[in-house]
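Engineer: Sharing a model prediction with you, sequence too.
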Amino acid sequence: MFMVSFLLLLVCLAFFSADITGSLAARPLWLIVLFALFLALVATAVEALLSYGFDNFFIPASIAYVLYVLEMNHAVRLEHFMIGGLLALLLAVFSVKVKFLNNSGAVATFLLGTTIFGIGGLTWTVPLLTFYLLSSVLSKLGKKRKAKFDLVFEKGSQRDAGQVYANGGIAWILMIVFSLTGDPAVFFAYMGTLAAVQADTWATEIGTMWPNPKAWLITSFKEVPVGTSGGISVPGTSGAFLGSLFICASALLMNVGWLHAFGAGQSMLLIGVSGLVASLVDSFFGATVQAQYFDPIREKVTERTHSVAPDGSLVENRLLKGVPFVNNDLVNTLCAISGSALAYVVIETLRIF
């Protein structure tokens, strides 16, 4: 896949560049070769992640999108795009080495990072890295204290492609929308979705890591064990708001003009509240529609559909409540959407830009 893609792309870029006048024309041959290699890597990554025929659509669509943006969006330069892609590749490799991500998560992170790092530049990159690095490190802290929750949560701290989509997929889409429209309100929606997933992650990690916390179900305020889907706690909720503020602070440090035009304090409040509200939305869906199962081996409530018996065999867990297809990744996606929607609606309503 990689070799055929590289050869086809190289021939097309070299052959047709003589007949076009865009930003890819008149580039030196060595840069065209590197660009063809990089596009082939992107095509191969898309093919590796998708199946059931979706790859047949998304491979040409992803390559066409990159070529279109580089030709039509004059704020995006080929050299900067490739540097961003290299940074995304290094981040994906590093994440596998330190076990932040598994292989599928690393491939998804490479594609997401290439889009945001290569097209958005530092303005969009720094907030995303703030979420990724701080949340990944936090998920590794207090492992001994959090070990008792490993069989409750659907997935562990090593993220897969599904978790990358759930936490970063909305941000990915917003980056694409902005690259085609240039609407500043989309950047606030981007900040809102990153604040949402940061708040959700910090609420879970801090809530389960805190010594002897108390948790209450968001729908009834009945006390529940820490780690229960839909449970909220004072440390977790406080951590959610703090995590959201970190996202906005990282963008303010990059001197993003739109945030300063809206006001630094107002931006912190908007993004902080967007993340906090989104984390509560996550808890609400976790308490109402997210599937929860009973583990007959350990006699505990869990998010996992199956458990592993002492002899190594898989045992199907019994559905207690919720909708079977509503898992943690879907709830996280709804959380990300709610954070972006709140920030976007506020900016559009005020008509700042």
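Structural biologist: On my side now, so go ahead. Residues are numbered from 1 along each chain as shown.
Engineer: Name the helix or strand for the residue most central in space within the chain, please.
Structural biologist: Nearest to the mean C-alpha position of the chain, by Cα atoms, centre = their mean, lies residue 168 at 1.6 Å. Applying DSSP states H and E as the criterion places residue 168 in helix 161-181.
Engineer: quick one: buried residues of that helix?
Structural biologist: 161-175, 178-179 (16 or more other Cβ atoms under 10 Å). Just so you know, the C-beta spots here come from the backbone N, C-alpha and C atoms, and that holds for glycine as well.
Engineer: residues contacting residue 200?
Structural biologist: Residues near residue 200 by Cβ atoms under 8 Å, 6 or more residues apart in numbering: 240, 278-279, 282, 332, 335.
Engineer: Could you identify the pair within these that is furthest apart?
Structural biologist: Put simply, by Cβ to Cβ the two of the contacts of residue 200 set farthest apart are 240 and 332, 13.3 Å from each other.
Engineer: Quick check: residue 33 touching residue 11?
Structural biologist: No: no contact is recorded between residue 33 and residue 11 when judged using Cβ atoms under 8 Å, the distance being 11.3 Å.
Engineer: who has more neighbours, residue 240 and residue 332?
Structural biologist: Neighbours were tallied for residue 240 and for residue 332 using other Cβ atoms under 10 Å; the higher tally belongs to residue 240 (30 against 25).
Engineer: For the stretch 151-300 of the chain, give me the ranges with low pLDDT.
Structural biologist: Counting by pLDDT under 70, the ranges of the stretch 151-300 of the chain that qualify are 151-157.
Engineer: All the helices of this structure, residue numbers only.
Structural biologist: For the chain, the helices defined by DSSP state H occupy 2-16, 29-49, 54-72, 78-97, 103-140, 143-146, 161-181, 184-209, 234-253, 257-262, 264-288, 328-350.
Engineer: Please identify the most buried of those helices.
Structural biologist: Neighbour counts averaged per stretch over these are highest for helix 184-209, at a mean of 28; criterion: mean count of other Cβ atoms under 10 Å.
Engineer: ok so, going back, export the contacts of residue 200 as a markdown table, with columns for distance to residue 266.
Structural biologist: Supplementary listing: the contacts of residue 200 in a markdown table, determined by distance: Cβ to Cβ, whole Å:
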| residue | distance to residue 266 |
| --- | --- |
| 240 | 20 |
| 278 | 18 |
| 279 | 21 |
| 282 | 24 |
| 332 | 27 |
| 335 | 23 |
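Engineer: which of those lies closest to residue 187?
Structural biologist: The shortest distance between residue 187 and any of the contacts of residue 200, using Cβ to Cβ, involves residue 278 and amounts to 17.0 Å.
Engineer: if I pick that closest one, what's in contact with it?
Structural biologist: Residue 278 is in contact with 192, 195-196, 199-200, 335-336, 338-339, 342, counting by Cβ under 8 Å, 6+ apart.
Engineer: if we go to 7 Å?
Structural biologist: Listed by Cβ atoms under 7 Å, 6 or more residues apart in numbering, the contact partners of residue 278 are 196, 199-200, 335, 338-339.
Engineer: TSV please, covering the helices of the chain and showing distance to residue 299.
Structural biologist: Output for those, formatted as TSV (distance: least, Cβ to Cβ, whole Å):
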stretch	distance to residue 299
helix 2-16	49
helix 29-49	37
helix 54-72	40
helix 78-97	35
helix 103-140	27
helix 143-146	20
helix 161-181	27
helix 184-209	20
helix 234-253	25
helix 257-262	50
helix 264-288	21
helix 328-350	21
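Engineer: nearest to residue 227, of the ones you listed?
Structural biologist: For these, proximity to residue 227 was assessed by Cβ to Cβ; helix 184-209 is nearest, at 5.6 Å.
Engineer: and the angle for that closest one with helix 103-140?
Structural biologist: When axes from the mean of the first three to the mean of the last three Cα atoms, to 10 degrees is applied, the directions of helix 184-209 and helix 103-140 differ by 60 degrees.
Engineer: just how off-centre is helix 184-209 within its chain?
Structural biologist: 10 Å (Cα atoms, centre = their mean, to the nearest Å).
Engineer: and the angle from it to helix 328-350?
Structural biologist: Interaxial angle, helix 184-209 versus helix 328-350 (the same axes, to 10 degrees): 140 degrees.
Engineer: Not counting sequence-adjacent ones, nearest residue to residue 246?
Structural biologist: Residue nearest to residue 246 in three dimensions, not counting chain neighbours: residue 130, with 6.0 Å by Cβ to Cβ, 6 or more residues apart in numbering.
Engineer: Tell me the spacing between that neighbour and residue 253.
Structural biologist: Distance from residue 130 to residue 253, counting by Cβ to Cβ, to the nearest Å: 9 Å.
Engineer: which residues does the residue nearest to residue 253 when sequence neighbours are not counted contact?
Structural biologist: With sequence-adjacent residues excluded and distances taken as Cβ to Cβ, 6+ apart, residue 253 is closest to residue 126, at 7.4 Å. Contacts for residue 126 (Cβ under 7 Å, 6+ apart) come out as 250-251, 254.
Engineer: Fine by me, thanks again.
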